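Colleague: return atomic coordinates for the entry below.
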Amino acid sequence: MAFNLLALTISANKADAKQAHERAFFNHFESVSQVKFINDTLPPVEIMDIITTVVYSLNSFSIEKVADLYTPNAVIADDEPPYSWNGPTAGIQWVYAVEQVCKDIKLTKLKGTIGAINVFQQTADNVYIVVPVNYSGYLPGKQSVTSKGAFAFVLRMVNGKWLIKSQVWMAKNAL
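Modeller: Residues are numbered from 1 along each chain as shown. Predicted structure coming up:
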């Protein structure tokens, strides 16, 4: 999930900023769909489909969405205990762990949003991408919280399909 629970920031919900952020993302997405780039900062749609599925899987804690997205030797690192998950079920384990933390602290309506991507590199069978992400939700009493950071992903082409080899969360306050 990428929620540094000790560094949650109390914030007012700003619908205008959120809408502008989403418009920027989708405008970026539309420009990518027409052209295939290699070694550029604009990821192709098939890569963004995987990334958005992972980030948004926490909106509903959907393990089904991430079940087939990881390599057999995948590694995920995050700031939630136990801090790393391995193997083809790493994504499922990660979603379960984030869901448990949210239940423990009574965080509701968790929602991830993706920012503009500035780091993307691709070869024929490897991808490296850094994806800015903001997570928001509500604590008891409808207190709004946000966590900002980025995921660094490495994807590999395995049997003709892009799969996640590694996924690392970096909280903004850790940079």
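
Colleague: where do the helices sit along the chain?
Modeller: 15-32, 45-60, 63-66, 90-105 (DSSP state H).

Colleague: Arg156 is in contact with Lys165, isn't it?
Modeller: Yes - look at Arg156 against Lys165 with Cβ atoms under 8 Å: they come within range, at 4.7 Å. To be clear about C-beta, it is placed using only N, CA and C from the backbone, and glycine gets the same treatment.

Colleague: neighbour-wise, which of these two wins?
Modeller: Lys165 (19 against 16; other Cβ atoms under 10 Å).

Colleague: isn't the more buried one right up against Val154?
Modeller: Yes - the pair Lys165 and Val154 qualifies as a contact (Cβ under 8 Å) at a distance of 4.5 Å.

Colleague: count of neighbours near the residue nearest to Leu107 when sequence neighbours are not counted?
Modeller: Excluding its sequence neighbours, the residue lying closest to Leu107 (Cβ to Cβ, 6 or more residues apart in numbering) is Gly137, at 4.6 Å. Residues within reach of Gly137, counting by other Cβ under 10 Å, total 23.

Colleague: before we move on, what about Phe153?
Modeller: Using other Cβ under 10 Å, Phe153 has 22 other residues around it.

Colleague: which residues are in contact with it?
Modeller: Counting by Cβ atoms under 8 Å, 6 or more residues apart in numbering, Phe153 touches Ile51, Val54, Val127, Tyr128, Ile129, Val130, Val131, Ile164, Ser166, Gln167, Val168.

Colleague: what about the closest residue to the third one other than its chain neighbours, distance to Leu163?
Modeller: What sits nearest to Val127 in space, not counting adjacent residues and going by Cβ to Cβ, 6+ apart, is Leu155, at 4.1 Å. Spatial separation of Leu155 from Leu163 under the definition Cβ to Cβ, to the nearest Å is 6 Å.

Colleague: which of the two has more neighbours?
Modeller: The residue with more neighbours, out of Leu155 and Leu163, is Leu155; 26 against 17, by other Cβ under 10 Å.

Colleague: you'd agree the more buried one is up against Val131?
Modeller: No - Leu155 is beyond contact range of Val131, at 11.5 Å (criterion: Cβ under 8 Å).

Colleague: so where is this structure shaky, pLDDT-wise?
Modeller: 1-41, 175 (pLDDT under 70).
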